[in-house]
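Student: here's a sequence, model it:
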Amino acid sequence: MKAVVVDNYGGPEAMVIREVPMPEPGPTDVVIKVAASGVNFIDVYFRTGLYKMPTPVALGSEAAGTVDAVGADVQDLKPGDRVAYAMVRGSYAEYAKVPAAQVVKIPDSVSFEQAAAVMLQGMTAHYLTRSTFALASGDSCLVHAAAGGTGALIVQMAKGVGATVIGTVSTPEKAAIATAAGADHIIYYTEQDFAVETRRLTGGRGVDVVYDGVGKTTFDKSLDSLRVRGMLVLFGASSGPVPPFDPSILNPKGSLFLTRPSLGHHIADRRELVWRAGDVLDMVGKGTLRVKIDERFPLERVGSNHPARPSSQPNHRD
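Tutor: Residues are numbered from 1 along each chain as shown. Okay, the predicted model is just below:
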């Protein structure tokens, strides 16, 4: 079968298609015939070596497809089942071996493409808004890259519980996407100081939480956008990792909270995975969570929408 791997860290040209043996399921695994794989910024981190792994590195972190084979101890999945998964590398391939415990069934109302596009980003938005800082009606949040893949899903989920959403974008086209997702206020970060604008929009108070997947270029002002005892949720680093800093700065800025969560820690328990994925896929199936699929590429052109390196601007595709 064909699979995409990286032998040497680098740009999109570092990805090569290789003929590799068909995977065989272990006792607790399933082999999935991949119908669609999501493309996420975490794939760029692995490709460039920001997240270091022994080479060759298999790329792709989520997919949807049909169960092709099951291990001897797998009880609740069978060949032919429509399934999806996230946080197992190797989805840029024709087939993928995945632990059965990390696989969920797809409702008939959800397509393979929708499932592949929403598993990683959708469950990320879910844990951020439902668990890390569980938004409620009347809360306020600042969402960076509000027109991006994860950002637009965060906006939708925040609005779904009645929160006020401020989104940062770079262009009117991005603003239209964020507004369609439900953002109440838009800040053009290329023209405005988003911390100053956030304070103005909240009457000087600041927001309850900032969801920041950008990192280096937004970190300091994200802290400045928070209310007293607010929380900065740093869940990515599209502009690069945040440099070391003295945590005592959180005190004079208002006894702030800072966390750096990851999806893996929020779906490690099978029951939590089933709940989180089920919630997301149910919303997609009912149309209350809209998934925007910008482009489709065959496996041979997977590098076509990979940026050369993590962006220095926060309006990236998450």
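
Student: by mean pLDDT, point me to the weakest helix or strand of this protein.
Tutor: Between all helices and strands in the chain, the lowest mean by mean pLDDT, DSSP states H and E belongs to helix 41-48, at a mean of 91.

Student: quick one: the helices in the stretch 151-300 of the chain?
Tutor: For the stretch 151-300 of the chain, the helices defined by DSSP state H, counting those that start in this stretch occupy 172-181, 194-201, 219-224, 270-286.

Student: can you list the weak-confidence ranges in the stretch 151-300 of the chain?
Tutor: Along the stretch 151-300 of the chain, the model assigns pLDDT under 70 to no residue.

Student: where do the strands of it begin and end?
Tutor: 164-169, 185-188, 207-212, 226-234, 257-259 (DSSP state E, counting those that start in this stretch).

Student: of all these, which one comes closest to G38?
Tutor: G38 sits nearest to strand 207-212 of all the strands of the stretch 151-300 of the chain, at 19.5 Å, using CB to CB. Placement of C-beta: from N, CA and C, glycine included.

Student: run through who's touching that closest one.
Tutor: 128-129, 133, 135, 139-144, 151, 154, 166, 198, 218-219, 222-223, 225-227, 230-236 (CB atoms under 8 Å, 6 or more residues apart in numbering).

Student: just checking: what are the partner strands of that strand?
Tutor: Sheet pairing of strand 207-212 (DSSP bridges) gives strand 140-143 (parallel), strand 226-234 (parallel).

Student: return the angle between stretch directions for that strand and helix 194-201.
Tutor: Relative orientation of strand 207-212 and helix 194-201, computed by axes from the mean of the first three to the mean of the last three CA atoms, to 10 degrees: 150 degrees.

Student: give me the element G26 is part of.
Tutor: Remark: G26 resides in no helix or strand, with elements defined by DSSP states H and E.

Student: and the one 10 residues further on, by the same measure?
Tutor: With elements taken from DSSP H and E, the one containing A36 is strand 29-37.

Student: partners of that strand in the sheet?
Tutor: Paired neighbours of strand 29-37 in the sheet (DSSP bridges): strand 62-70 (antiparallel), strand 95-99 (antiparallel).

Student: identify each buried residue in that strand, please.
Tutor: By neighbour count on 16 or more other CB atoms under 10 Å, the buried set for strand 29-37 is D29, V30, V31, I32, V34, A35, A36, S37.

Student: the last one and A58 touch, don't they?
Tutor: What that stands for is S37. No: contact criterion CB atoms under 8 Å: S37 and A58 do not qualify, at 11.5 Å.

Student: so what sits against both of these two?
Tutor: Joint contacts of S37 and A58 (CB under 8 Å, 6+ apart) are Y92, A93.

Student: list the contacts of the residue with the largest distance to the centre of the chain.
Tutor: The outermost residue of the chain relative to its centre, with distances by CA atoms, centre = their mean, is A72 at 32.5 Å. Each residue near A72 by CB under 8 Å, 6+ apart is listed here: P27.

Student: ok, P243 next?
Tutor: K216.

Student: bridging residues for the nearest residue in space to V70 that is not next to it in sequence?
Tutor: Closest residue to V70 apart from its sequence neighbours, by CB to CB, 6 or more residues apart in numbering: V30 at 5.0 Å. In this entry, V30 is beta-bridged to V70, V98, by DSSP bridges.

Student: just the one 4 residues further on next, same as before
Tutor: With DSSP bridges as the criterion, V34 is bridged to G65.

Student: report the separation between it and V104.
Tutor: V34 sits 15 Å away from V104, going by CB to CB, to the nearest Å.

Student: swap in L299?
Tutor: L299 sits 23 Å away from V104, going by CB to CB.

Student: got it, and Y211?
Tutor: Between Y211 and V104 the computed distance is 24 Å (CB to CB).

Student: just to revisit the earlier point, go through the strands paired with strand 207-212 and pick out the most buried.
Tutor: For the strands paired with strand 207-212, the largest average neighbour count (mean count of other CB atoms under 10 Å) is found in strand 140-143, namely a mean of 28.

Student: and for that one, what are the contacting residues?
Tutor: 133, 135, 151, 154-155, 158, 163-168, 178, 183, 194, 198, 202, 207-211, 222, 225.
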